[in-house]
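Build me a model:
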Amino acid sequence: MLYAEGNRLMNLADKHNRGFERKKTARLGTEKNPASVVVQNEEREQELSAIFEENGWFYTIEIDEEKQEDVSDLELLKNLPTTRVVEKTPGRNDPCICGSGKKYKKCCGRS
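Residues are numbered from 1 along each chain as shown. Reported below is the predicted structural model:
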């Protein structure tokens, strides 16, 4: 983009993606960002690998008896936040939701 001479700062910002960080990280459990888990024995490793395989998640499991078990990535994958859909409130001039036939602002919208 071309800007007037006085707008040098905008030209510099365009060179650097308008100043925003555009680097995205891959979603957890994908091939680019596998879940990483540390367990203490092979039985636990088999148990967790069955869970990962069942859900189709990519993972790496490290077996180390001296390290503390770390399954935080698995917990994140199991408890993914869900999107909530909130019912939209009617506008002022929309019909009232109670079914009276009046405008919302004249009926239930009056506080």
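
can you give me how far the longest helix along the chain is from the chain middle?
Longest helix in the chain by number of residues (criterion: DSSP state H): helix 42-55. Relative to the centre of its chain, helix 42-55 is centred 25 Å away, using C-alpha atoms, centre = their mean, to the nearest Å.

cool, stretch 55-63 as well?
Counting by C-alpha atoms, centre = their mean, stretch 55-63 is centred 20 Å from the centre of its parent chain.

Now do the most centrally placed residue in the chain against Ile97, distance only.
Centroid check for the chain by C-alpha atoms, centre = their mean gives Pro81 as the closest residue, at 7.5 Å. Counting by C-beta to C-beta, to the nearest Å, the separation of Pro81 from Ile97 is 29 Å. Using the backbone N, CA and C atoms, a C-beta is placed for each residue, glycine as well.

Tell me which stretches of this structure form helices.
Along the chain, counting by DSSP H, helices occupy 8-15, 42-55, 72-78.

which one of the ones you listed has the most crowded surroundings?
Of all those, helix 72-78 carries the top mean neighbour count, a mean of 15, counting by mean count of other C-beta atoms under 10 Å.

Show me what it is packed up against.
strand 35-39, helix 42-55 (3 or more C-beta pairs under 8 Å, 6 or more residues apart in numbering; DSSP states H and E).

now the ones you listed in TSV, with distance to Ile61?
Below are the helices and strands packed on helix 72-78 laid out as TSV (distance: least, C-beta to C-beta, whole Å):
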stretch	distance to Ile61
strand 35-39	5
helix 42-55	5
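
Reformat these as a markdown table; add distance to Pro90 and mean pLDDT.
Below are these laid out as a markdown table (distance: least, C-beta to C-beta, whole Å; pLDDT from 0 to 100):
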| stretch | distance to Pro90 | mean pLDDT |
| --- | --- | --- |
| strand 35-39 | 44 | 94 |
| helix 42-55 | 40 | 94 |
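
Among those, which comes closest to Ser72?
Ser72 lies closest to strand 35-39 among the helices and strands packed on helix 72-78, at 8.4 Å (C-beta to C-beta).

Show me what the closest one packs onto, helices and strands only.
Applying 3+ C-beta pairs under 8 Å, 6+ apart, one finds that strand 35-39 makes contact with helix 42-55, strand 59-63, helix 72-78.
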